[in-house]
Each structure stands twice: as structure tokens, then as C-alpha cells.
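**Q** build me a model from this:
(chains A and B)
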Number of protein chains: 2
Amino acid sequence: MGTVVALAAQVGGAKLADGLYRLRGRELTVIVNTGDDYEYLGLRFAPDLDTVLYALAGIASVGAGWEPEGETRTVQNMLKALGGPDRPIIGDRALGAPILRTEWLRNERSLTEITMEFSRRLGIQARILPMSDDLVRTYVLTDGGAVTFHEYFSDLACEPKVRGFDYVGAADARLSDEVLDALHATSLEAVIIAPCNPYHAIRPILEVNGMRELLKKRGAPVIAITPIVGGKAVKGSAGKMMRELGREPSALAAAGEYLRIIDGFVIDREDAALAPAVRSLGLEVLVAQTVMRTDENRLSLARAVLDFADTIRETKAAEVGS
Amino acid sequence: MGTVVALAAQVGGAKLADGLYRLRGRELTVIVNTGDDYEYLGLRFAPDLDTVLYALAGIASVGAGWEPEGETRTVQNMLKALGGPDRPIIGDRALGAPILRTEWLRNERSLTEITMEFSRRLGIQARILPMSDDLVRTYVLTDGGAVTFHEYFSDLACEPKVRGFDYVGAADARLSDEVLDALHATSLEAVIIAPCNPYHAIRPILEVNGMRELLKKRGAPVIAITPIVGGKAVKGSAGKMMRELGREPSALAAAGEYLRIIDGFVIDREDAALAPAVRSLGLEVLVAQTVMRTDENRLSLARAVLDFADTIRETKAAEVGS
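**A** I've put the predicted structure just below:
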């Protein structure tokens, strides 16, 4: 059994990563977006890294997957009582990782090293890696100017129209040795792009210097899962952003965002009728249950995607052999 | 009714300050030790300031006066789960003030301003002021070298023998305008040194450049309350330190620590027999219930001390008049 790399962020990415983890354990590497990281109260928040950590550690809240279960707001209430800000809302358990991350970064440890230490301590066998140890910040371009994704999400409630994105620092960011190792591994079986917002969750990973080239060179198939089902984002603002960027939200449009990167695309059963159109883009297509409401959904989607990768690999091998 | 200044730190200081506050409200200024402040996880902890804040806000824990009531350890448990330190023990509510203080200090607000803002937000009418906005650190001199008081207390559990103290930064620290105003006020009726460890709680305040001179020049009587009752510290390590510095712990020895600063000294009923000896040091003496177990104890000690100050003031006035 080979190794698998997932590119992931957000709750959808964490859920799929969790499904893959249950199947592949230590053979899984999850490369996580850090473009939405932010500084708040002097602390380095890495929402995507932490969301994946909580999911794979089995401590994520069922209702609010970006934070640990049983969350409380004691610190936040005290901050508010003392005249501090009450946005963004941060739980007590969710404060642990940012506090320790900030402290360890100050002590010259790399984000990769810190994330691997958190994983180890939480008993996670898979490798969870930030996309880079260098600082990358995703800016949302609006009519009112460029704002970080965090400001867009937290202060502006995703309201301003999106005109584009800027991935500041990405072109100069270095892929870490651990990311390179995972993608260069001869055992690599598949690269899975999880169902996340293409613009601020996955694109920043792809924009890191060298990442696109590396994915294209890989022998292993690259497969993306649609974040759009029935013309709407499963969660979050992908549909809204897509529309504001001038594309009708659909699984087809989502597939278009990954052209020249992916070999296969997974669409939801609800969108089965779009399969021929996606195929006409030159992509292999899998129709599956992509919305993950239960643990079983995560597992069966992960299994279907890995089988899909097998098929693509075999097809490619047959082509090479013929 | 005139104004009152208390020099305070620790739980004993906070309790007395609370008693004075109930009698004098906004006419009270509490000048608090910052020599035991420390940095931990990048945050500026000010245990004495926070202890006084919680007491006067009426939110201090009854059993553990240095933290707010109803304290939980969620953040600490998460830090530990992620591989972080589990000492010193910090509660969730007690994290609020250090997080916000650190953020505001980073934004160029002074410690005085921040403390006054916290007070205002917590509905406190009295003025709680750090002894200085400049950094002062109390070092405990031991056979193993000099350590900060925080290290001595938290890492070394107060075990090494104390050879002396060093108040680093005190000689260059500036009294804030707010501290100067409080001590220069013509309405000033009394300066009360609360029952605290003389070495690391009160001495740092006295060592701030200009403080001793200012106290000596004041017309208002300066009165200290013994932290030693029946030859033992009411709480903490004052007795141990006193012994290691070569003095037999007693209310008399405690009075000796404040000679040339104070006009009057308050000893406990249990030590009534020491009154003549303390008087022979040239001090006025009050015998009172100094151990504050109940709210009523705080109030009655505060009342007794203010009456004592009245008496001293009248005596002085009579001497001047004669």
C-alpha cells in the first residue's frame, strides 16, 4: 500500500483528511493551507492547521469542526470584561495551540516542527504539514481595497464583492523538506485535493513556489473533490466568490479552477448530469457522495477517491504499456 | 474626609486594600508592586496588580485570592496536551488580564493606563496604580546565584536559602505622574503599608527612585501593618526569609524593616506583649486583629488603621502647636 498526500484546509478538508487517515494511518501526509493564518492579540492563529489537527486527533466538535469539542469561552468573557475585543470568537481549548505555537516560533522552532510536535502529542500517526514555513498571506481584493482573508471573514463577514485574490509571499515561499519528501516519495499513490474553497483554501498551497510544477511532474494521479454541490458551496463562501469572479457556481466551474493540475475530478451524485461536461475538460470523473455528514461518509468518500486514483493509475499504466 | 494611599501586593495587601476601599471608595489609591511581574508564554503577568484588581472588583476567589472565583484550567490542560509546560498553573479567567495587558503594552499604552482601564471596566472606583511604568525585577540572591522572584517561587518552590535581594531597575525607575499626584495630594490623610512580605512585596515599591524621600516628606502619617503574627508569617515566606537573613521572625523584626519610613506600626493582638519593644524603636503602636479571615476583619482592620492615623496626625499637630 503506497502513500497518499492530501491538500486540505477548512472543515471539509479536515473531514476528508480524517477519512483518508482512517484508511491509511501513517501513510497519509496532509499539506495544509497557512494563507489564512492571522495574528490576534499577538498570537499566531492557524485555523486550517488546527482544524485538521482536531479532526485527526478525534477531538473536533461535531457541530463546529474548527474547534475542539466541549469548547468554553472563559478567556474571551474575561477579555471582554476588561475592555478587550470580543471578535473573533475564540474558545478556551482553541487558545492552547496558538499560545504554544507563538511561544515556540519565538524560540526559533519552525511551523513544520511545531505542527509535527502537536500531532505527535495528540497521538496522530499521519503527517500534518503546513504548506510552507515561510509567511504567506491571502488577500481578498475588494472594491474597498485588499484585505487579508481573516479581515474579510471576521471583520467584514464576507460581505464585500470579491474581485480577485493576492497570495502575498507565496512566490518566494519555500516548500519544506517534509513537503518535498512527501511529494517526491516513490511510494506516492495519489494526491487528493480536498473539497475546500478553491480560492483561499487550495490556491495558496498551489501558489507556493514550485508546488504546481511538482504536482504536474508526479507520476501519481492528482484528484480534486468538488466543493460545489447543486450549484452551491457545501459550506462557506466558495459559491459567492465564484459568482463575483464571473463564473456561475457549479461543479463544472470548480473543476475548471484546477485544470492543468488534476487528472480526475469527483462530483456529487446530485450533479451526476454534469459528468460528461467535466469529462469534456479532459478529466476523469467520479460520481460519489461528496457531502460528509457522518463518519461513515468520510470513510466511504475517502475509499471511493483512492479507488478512483487506482483506476486512473492503471489506465495510465496501460496507456504507457500499449 | 481626605485621601488614603496604600502600598500593597499579594493577597494580604489586596484584602487590606479592599477593607480601605469599602471605607473610602474613590478616595483610595493603591500603589502596587510590579517587581514580581514575569513573562510567561510571551505574556506579561502582573500577579500583584491582578490580585488587587480581583479583590476590589469583588471577583477574587475566597480560597485563592490571587485568582478570580470560579476558575477553570481549560487552556492549561490544552497546553499540556500539546506538549507545553504545566507550570506555573494559570487559570482561564486569570489569563484574560495578561493577554490584554501584553497586547496593549505592545500598542504603546502604559501599564498605568492599562491598569486604570481594567479598573474602570471592572467597576472599581479606587485608583489602582503600578508602582512605576518602568521595568523593575526583584531578584532573590541565593547560594546558587540570583533568580527572579518568579523563578524562586514557581520553579524553586521557595526552597533555596535567601542571602539578599536585588531590585533591578528600581534605582532608574520613574514614579508615574499618577503615583506622584496621589502622594503629593494636600488631602492625603495616611499612607498605609499593607501586611505583605517586606522583601519582595513592599521593598521594591520603596526602592523606586524617589519613593522613600517622598514618603518621608509627606505630612501624612505612614503606617505599616505587621505581616508576622506570633513569630510566623500570616501567609507565604516572610518568616523563612527573615530567618535566613539572620533575624528572628517577629512583629518587632518586621517593624525594623520599615524604620525611618513609618510613623506607626500595627501589631496583632497575639503579639500585644511586643508593643513596648516596638514603641522603643520610636514608633507609635496599635494592637489590633491583623489576620483577615472574613470581610468584617478587612473592614475593621482598615477602620482601626485609619483611626490610628488620625491619632498620630492629631498628636503631631499638637506637638507642632505646643
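
**Q** residue numbers of chain A in contact with chain B?
**A** Neighbours of chain B within chain A, by Cβ under 8 Å from any Cβ of the partner chain: A:41-42, A:68, A:72, A:74-75, A:77-79, A:81-84, A:92-93, A:95-97, A:99-100, A:102-103, A:106, A:117-118, A:120-122. Any C-beta I mention is one placed from the backbone N, CA and C, and that applies to glycine too.

**Q** what bits of chain A have low per-residue confidence?
**A** Applying pLDDT under 70 to chain A flags the ranges A:321-322.

**Q** ok so, going back, of the residues of chain A next to chain B, buried ones?
**A** Among the residues of chain A next to chain B, the ones that count as buried by 16 or more other Cβ atoms under 10 Å in any protein chain shown are A:41-42, A:68, A:74-75, A:78-79, A:81-82, A:84, A:92-93, A:95-97, A:99-100, A:102-103, A:117-118, A:121-122.

**Q** show me where chain A has its strands.
**A** Secondary structure of chain A (DSSP state E): strands at A:3-8, A:28-32, A:38-40, A:43-45, A:127-130, A:137-142, A:145-148, A:164-168, A:188-193, A:222-225, A:228-229, A:232-233, A:264-268, A:284-288.

**Q** dump those strands to TSV, plus distance to B:Arg218.
**A** Formatted as TSV, those follow (distance: least, Cβ to Cβ, whole Å):
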stretch	distance to B:Arg218
strand A:3-8	67
strand A:28-32	62
strand A:38-40	45
strand A:43-45	44
strand A:127-130	59
strand A:137-142	55
strand A:145-148	53
strand A:164-168	58
strand A:188-193	73
strand A:222-225	75
strand A:228-229	75
strand A:232-233	69
strand A:264-268	79
strand A:284-288	82
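
**Q** would you turn these into a markdown table with mean neighbour count?
**A** Below are the strands of chain A laid out as a markdown table (neighbours: other Cβ atoms under 10 Å in any protein chain shown):
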| stretch | mean neighbour count |
| --- | --- |
| strand A:3-8 | 27 |
| strand A:28-32 | 28 |
| strand A:38-40 | 15 |
| strand A:43-45 | 22 |
| strand A:127-130 | 25 |
| strand A:137-142 | 20 |
| strand A:145-148 | 15 |
| strand A:164-168 | 17 |
| strand A:188-193 | 25 |
| strand A:222-225 | 25 |
| strand A:228-229 | 24 |
| strand A:232-233 | 17 |
| strand A:264-268 | 25 |
| strand A:284-288 | 20 |
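
**Q** among those strands, which comes closest to A:Gly239?
**A** Closest approach to A:Gly239 among the strands of chain A (Cβ to Cβ): strand A:232-233, 4.1 Å.

**Q** now for that closest one, which elements pack on it?
**A** Where contact means 3 or more Cβ pairs under 8 Å, 6 or more residues apart in numbering or on different chains; DSSP states H and E, strand A:232-233 is packed against helix A:238-244.

**Q** ok, and what's touching the helix it packs on?
**A** Helix A:238-244 is touched from outside by A:158, A:161-163, A:196-199, A:227-228, A:231-233, A:248-249, A:253-254, with contacts defined as Cβ atoms under 8 Å, 6 or more residues apart in numbering or on different chains.

**Q** restrict that helix to CA atoms and write it as PDB.
**A** Output in PDB follows, covering the C-alpha atoms of helix A:238-244 (Å, rounded to 0.1, in the frame of the first residue of the first chain):
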ATOM      1  CA  ALA A 238     -17.000  29.400  -2.500                       C
ATOM      2  CA  GLY A 239     -20.200  29.900  -4.400                       C
ATOM      3  CA  LYS A 240     -20.500  33.600  -3.600                       C
ATOM      4  CA  MET A 241     -16.900  34.200  -4.600                       C
ATOM      5  CA  MET A 242     -17.200  32.200  -7.800                       C
ATOM      6  CA  ARG A 243     -20.200  34.200  -8.800                       C
ATOM      7  CA  GLU A 244     -18.500  37.500  -8.000                       C
END
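
**Q** pull the contacting residues for the nearest residue to A:Arg106 once chain neighbours are set aside.
**A** Among residues not flanking A:Arg106 along the chain, B:Gly42 sits closest, at 6.1 Å (Cβ to Cβ, 6 or more residues apart in numbering or on different chains). By Cβ under 8 Å, 6+ apart, B:Gly42 lies in contact with A:42, A:99, A:102-103, A:106, B:102.

**Q** which residues does the residue lying closest to A:Ile89 once chain neighbours are set aside contact?
**A** Residue nearest to A:Ile89 in three dimensions, not counting chain neighbours: A:Gln76, with 6.4 Å by Cβ to Cβ, 6+ apart. Contact partners of A:Gln76, counting by Cβ under 8 Å, 6+ apart, are A:86, A:89-92.

**Q** chain B: which of those residues is nearest?
**A** For these, the residue nearest chain B by Cβ to the nearest Cβ is A:Asp92; the value is 3.9 Å.

**Q** I figured that closest one was touching B:Glu71, is that so?
**A** No. Counting by Cβ atoms under 8 Å, A:Asp92 stays clear of B:Glu71, with 11.7 Å between them.

**Q** next, show the common contact partners of these two.
**A** Common neighbours of A:Asp92 and B:Glu71, using Cβ under 8 Å, 6+ apart, are B:Asp92.
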